[in-house]
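>>> Kindly generate the corresponding structure for this input.
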Amino acid sequence: MKNDALLAKQAWKLITKPQGFTQSILLAKDCTEQNFLQPLAPFYVYFSLNPIWSWGNFNINTCTIATLRNDRHHCRSFTYFSFRVLVPPGLCFHQLKSAPLCSPRAKFMAHTLGFTQPANIQHPKISFAAKEIDVAEWKGDILAVGVTEKDMSKDENYKFQNSILKKLDGLLGGMLAEASSEEDFTGKAGKSMVLRLPSCGSKRVASFQRLGEAVAAAAKTAQANSVAIVLASSEGLSNESKLSTASAIASGTVLGIYEDSRYKSEPRKPKLNSVDIIGLGTRPELEKMLKYAENVSSAIIFGRELVNSPANVLTLAALAAEASNIASLYSDVLSANILSAEQCKELKMGSYLGVAAASANPPHFIHLCYKPSSGPIKTKLALVGKGLTFDSGGYNIKTGAGCSIDIMKTDMGGSAAVLGAAKALGQIKPPGVEVHFIVASCENMISGTGMRPGDIITASNGKTIEVNNTDAEGRLTLADALVYACKQGVDKIVDLATLTGACIVALGPSIAGVFTPSDDLAKEVFEASEVSGEKFWRMPLEESYWESMKSGVADMVNTGGRQGGAITAALFLKQFVDEKVQWMHIDLAGPVWNDKKRVATGFGIATLVEWVLKNSS
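This next block holds a predicted model:
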C-alpha cells in the first residue's frame, strides 16, 4: 500500500491541478504547496468533503486538509488549508487517515472562535510505590494516616490505643493526641486534621479516612513533592481488600492533585511526584493494581478535559480526531472508523442527521473497535455515548433560569465517558472481549436548514418520529447510534447520556439514573460501580407511560409529558434496540458536572472499565 506522504501528494495534485478548479482559499499564513509537502513523520491527512450544491456532472465541495506531526502524545506542528473546489461526484476522500488534531494535553488544532487554544501543560507523572517499612522511619513532605472513629479512641490517660497512632504520638511528645482533642477530631468520614511539625522528618501528619483526595489537597497546599500514606488499622484487611484499598488511594490522589488550568492565562502545575503506600504489602499483584489505577485515572482526566473544553475548541472534527488519536496510540488493539455525513445518509440515519442539519460544523459519527491481539472473543459489547458538543435547544431554544445553556458544552459527557473507557482499555488490554465505542456527534443549533417542531424524521430502523421538541435532540442521535450498535452483532449495550433534567430533579446532582429491562445486566453494572465508587440508582421502565409518546401521524413523538420525563426518554431509546440484545441506558445529566467547582467529573469511565473487565475472560 502506498505510504501516507505519497498519498497526500497525489491528493494535492488531484485537488489543485485538474480542470474545473475554480477557487483556492488559504486560511493559514505561509500555507504553500512547498510547506504542505515537507516530510513529516508520521504523516497524517484529514479530508472532509461536504457537498454544497451540484452543477452538471460535478459537485461543489468544501475540502479541509490538515497535516501535522505527532510524537504519540503531542501535536508539534500543522498546516491548515481550506479550499472550494470542483470535483467529480465519484471522487471521495472522506477519510484517508484521521488526523489526531489534538490530544487533551496538547493544543486543539481547530479553527476556533476567539483564537482560544488550551495551554500545553506537562503534568508530572506521580510514581506510586508499595512499601513495608516502619512508618516512623519514613522521610518526606507529608505523612497521611487514614483512621476510623474506632482508631481515635483513647484510654483514661488520653493516650491512643491504636498502635500506629500511639507510636507516632510518642515520637511527637503527645502533640498528636493533644491536637486531636483541641480540634475535636474524632475520625468521622470526610474530616481531616493537619499538624505542622517543623522539626520532624515528615513535615505534615494528617489523619483522615478519605485519603486520596484529602492527601492531594494537603499536598497542593504544602507544595509537597513526596507523600506517604498509611492506614492506622490494616491488620484485619484481606489481601483482596488491600488491593482495592491501594487502588482507591492511588486514584484519589491522582484525581485530587489534578487541576484543569489549560484555559487560564497562567496555568499551574502540581509538584507532587511520589507517593509511598505503607503497610498494604509489596507483592506483584499490588503493583499491578497501582498501575491499573494509574491507567483509569489518566482516562478520567482525559474525559474531564474533553467535557471542560468549550464548543469553540472541541469542535466535532476535534472530537473525532481525539477518537482517532486514541486508536492510533493503541493500534495493536483499537481501530477507528469515522463516518461522514454522506456515509450516514447511505445508512439512512435520518434521526441523527436531522439534529445535525442546522449546524455549520458537519457531523462526525465515531466508531472505535477494541479487539484483543490474541485469543478467542467470548463476549461482544457496545458502549454508546451522546456526543452533542453544544446544545442550543434548536428552535425550542433553551431560555430562562435553570436552562443551563451556558454549560451545554457538557452535553457530550456521555461520549467523554465512552472515549475515556476506550483509552483505559487500550492500555489495560483485557482478553476475550470485543468492545465497540460509538458516538453520533453533532451540534444542535438554529438555522434555516434546521429541524423544526412538527417535522417528521425517519430513523435508520425505519421508525418515524414526530419532533414535538427540538430540545429533546440527544435521544434522536442515540436512536441511530443504537441501531448501528445492534448491527455490530453485540451481546450487550450500555448507553450513556446527559439526557434529561428530569433525572437531576429525581436523583440530584451526584447520582446517575439506570434504566434496563435486564436484571442480569443491572447486576453486572452495579457490581462494577461498587468497585469504582460511582453512584447509580435503578429507575423503572414503566411501559404504561409509552402512551404519552404516541403520535397521531408518526410512530412516536420525541417527548412525552412533563411527569416521568427521564422514564419516557428511556422508553424512547428502547424502540431502537434489538430485543435479543441486553441493553442499559444511563442518564448522567447530574453527576457529569460539579456545579460547585464548575468543572467536569469524568463520571462513568471507571464503572465502564470495571464492567468490561467483568465481561473479560
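
>>> what about the closest residue to residue 501 other than its chain neighbours, neighbour count?
Leaving aside its sequence neighbours, residue 501 sits nearest to residue 589 (Cβ to Cβ, 6 or more residues apart in numbering; 6.5 Å). Yep, even glycine has a C-beta here, placed from its N, CA and C like the rest. Using other Cβ atoms under 10 Å, residue 589 is surrounded by 27 other residues.

>>> Residue 545 touches residue 565, doesn't it?
No - between residue 545 and residue 565 there is no contact under Cβ atoms under 8 Å: 9.7 Å.

>>> These two: which is more packed in?
Between residue 545 and residue 565, counted using other Cβ under 10 Å, residue 565 has the larger neighbour count: 22 against 18.

>>> Tell me the pLDDT of the more buried one.
Note on residue 565: pLDDT of 97.

>>> again with the one 4 residues further on
You'll see residue 569 listed with a pLDDT of 98.

>>> and the end-to-end length of stretch 338-348?
16 Å (Cα to Cα, to the nearest Å).

>>> what does stretch 574-584 give?
9 Å.

>>> Domain-wise, how is the chain divided?
127-260+268-282, 287-615 (the TED database).

>>> Out of those domains, which is closest to residue 113?
Within those, the stretch nearest residue 113 is domain 287-615; the backing value is 4.1 Å (Cβ to Cβ).

>>> can you give me the end-to-end distance of that closest one?
End-to-end span of domain 287-615 (Cα to Cα): 23 Å.

>>> picking that back up, dump the domains of the chain into CSV; add distance to residue 116 as well.
Formatted as CSV, the domains of the chain follow (distance: least, Cβ to Cβ, whole Å):
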stretch, distance to residue 116
domain 127-260+268-282, 14
domain 287-615, 6
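
>>> for those, which one ends up most surrounded?
Mean neighbour count (mean count of other Cβ atoms under 10 Å) peaks for domain 287-615 among the domains of the chain, with a mean of 21.

>>> The domains of the chain: lowest mean pLDDT?
Mean pLDDT is lowest for domain 127-260+268-282 out of those, coming in at a mean of 76.

>>> Endpoint to endpoint, that domain covers what distance?
End-to-end distance for domain 127-260+268-282: 15 Å, by Cα to Cα.

>>> for stretch 277-287, same thing?
End to end - Cα to Cα - stretch 277-287 spans 11 Å.

>>> got a list of contacts for that stretch?
Residues outside stretch 277-287 that contact it (Cβ atoms under 8 Å, 6 or more residues apart in numbering) are 128-133, 135, 138, 228-231, 234, 237, 239, 242-243, 245-246, 249-250, 290.

>>> if we go to 6 Å?
Outside stretch 277-287, the residues that touch it by Cβ atoms under 6 Å, 6 or more residues apart in numbering are 130, 131, 132, 135, 228, 229, 230, 234, 242, 246.

>>> circling back: could you double-check that the residue nearest to residue 501 lies in contact with residue 496?
No - contact criterion Cβ atoms under 6 Å: residue 589 and residue 496 do not qualify, at 10.4 Å.

>>> all strands for the stretch 351-500 of the chain, in order.
364-370, 379-391, 433-444, 456-458, 464-466, 492-497 (DSSP state E, counting those that start in this stretch).

>>> As JSON lines, the ones you listed with distance to residue 408 would be great.
As requested, the strands of the stretch 351-500 of the chain are exported to JSON lines (distance: least, Cβ to Cβ, whole Å):
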{"stretch": "strand 364-370", "distance to residue 408": "18"}
{"stretch": "strand 379-391", "distance to residue 408": "5"}
{"stretch": "strand 433-444", "distance to residue 408": "9"}
{"stretch": "strand 456-458", "distance to residue 408": "22"}
{"stretch": "strand 464-466", "distance to residue 408": "22"}
{"stretch": "strand 492-497", "distance to residue 408": "13"}
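
>>> Turn the contacts of stretch 277-287 into JSON lines, including secondary structure.
Below are the contacts of stretch 277-287 laid out as JSON lines (DSSP: H, G, I helix; E, B strand; the rest coil):
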{"residue": "130", "secondary structure": "strand"}
{"residue": "131", "secondary structure": "strand"}
{"residue": "132", "secondary structure": "coil"}
{"residue": "135", "secondary structure": "helix"}
{"residue": "228", "secondary structure": "strand"}
{"residue": "229", "secondary structure": "strand"}
{"residue": "230", "secondary structure": "strand"}
{"residue": "234", "secondary structure": "coil"}
{"residue": "242", "secondary structure": "helix"}
{"residue": "246", "secondary structure": "helix"}
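
>>> In terms of distance to residue 514, which of those ranks first?
Distances from the contacts of stretch 277-287 to residue 514 were compared by Cβ to Cβ; the smallest belongs to residue 246, at 28.5 Å.

>>> Who are the contact partners of that closest one?
Residue 246 makes contact with 277, 280, 286, 289 under the criterion Cβ under 6 Å, 6+ apart.

>>> Equivalent analysis for residue 561, please.
With contact taken as Cβ under 6 Å, 6+ apart, residue 561 is in contact with residue 548.

>>> Quick check: the gap between it and residue 488.
34 Å (Cβ to Cβ, to the nearest Å).

>>> Then residue 506?
Distance, residue 506 to residue 488, by Cβ to Cβ: 32 Å.

>>> just residue 122 next, same as before
For residue 122, the distance to residue 488 equals 38 Å [Cβ to Cβ].

>>> shouldn't residue 502 be in contact with residue 566?
Yes - contact criterion Cβ under 6 Å: residue 502 and residue 566 qualify, at 4.3 Å.

>>> Name the SS class of residue 266, please.
What three-state DSSP gives for residue 266 is coil.

>>> can you give me phi and psi for it?
The phi and psi values for residue 266, taken as degrees, to the nearest 10, are phi -130, psi 80.

>>> Including distance to residue 471, could the contacts of stretch 277-287 go into a markdown table?
A markdown table is the format used below for the contacts of stretch 277-287 (distance: Cβ to Cβ, whole Å):
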| residue | distance to residue 471 |
| --- | --- |
| 130 | 50 |
| 131 | 54 |
| 132 | 57 |
| 135 | 56 |
| 228 | 51 |
| 229 | 46 |
| 230 | 52 |
| 234 | 52 |
| 242 | 49 |
| 246 | 45 |
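
>>> and residue 300, what does it touch?
For residue 300, the contacting residues are 602, 605, by Cβ under 6 Å, 6+ apart.

>>> you'd agree it is in a helix?
Yes - assigned with three-state DSSP, residue 300 falls within a helix.

>>> How about the contacts made by the residue nearest to residue 501?
The contact partners of residue 589, by Cβ under 6 Å, 6+ apart, come to 498, 503, 504.

>>> What is the end-to-end distance of stretch 404-414?
Stretch 404-414 has an end-to-end distance of 17 Å (criterion: Cα to Cα).

>>> quick revisit: among the contacts of residue 589, which are in helices?
With helices taken from DSSP state H, the overlap with these comprises 503, 504.

>>> wait, which of the contacts of residue 589 is closest to residue 572?
Closest to residue 572, out of all of these and judged by Cβ to Cβ, is residue 503, at 13.8 Å.

>>> can you pull the contacts of that closest one?
For residue 503, the contact set (Cβ under 6 Å, 6+ apart) comprises 513, 566, 587, 589.

>>> Okay, and the last one sits in which element?
With elements taken from DSSP states H and E, nothing contains residue 589; it lies in neither a helix nor a strand.

>>> where exactly do the helices run in the stretch 201-350 of the chain?
Secondary structure of the stretch 201-350 of the chain (DSSP state H, counting those that start in this stretch): helices at 211-222, 239-257, 284-308, 316-329, 341-346, 350-356.

>>> and those as CSV, adding distance to residue 269?
Below are the helices of the stretch 201-350 of the chain laid out as CSV (distance: least, Cβ to Cβ, whole Å):
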stretch, distance to residue 269
helix 211-222, 11
helix 239-257, 10
helix 284-308, 14
helix 316-329, 23
helix 341-346, 40
helix 350-356, 38
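
>>> Of those, which is nearest residue 602?
Nearest of the helices of the stretch 201-350 of the chain to residue 602, taken as Cβ to Cβ: helix 284-308 at 3.7 Å.
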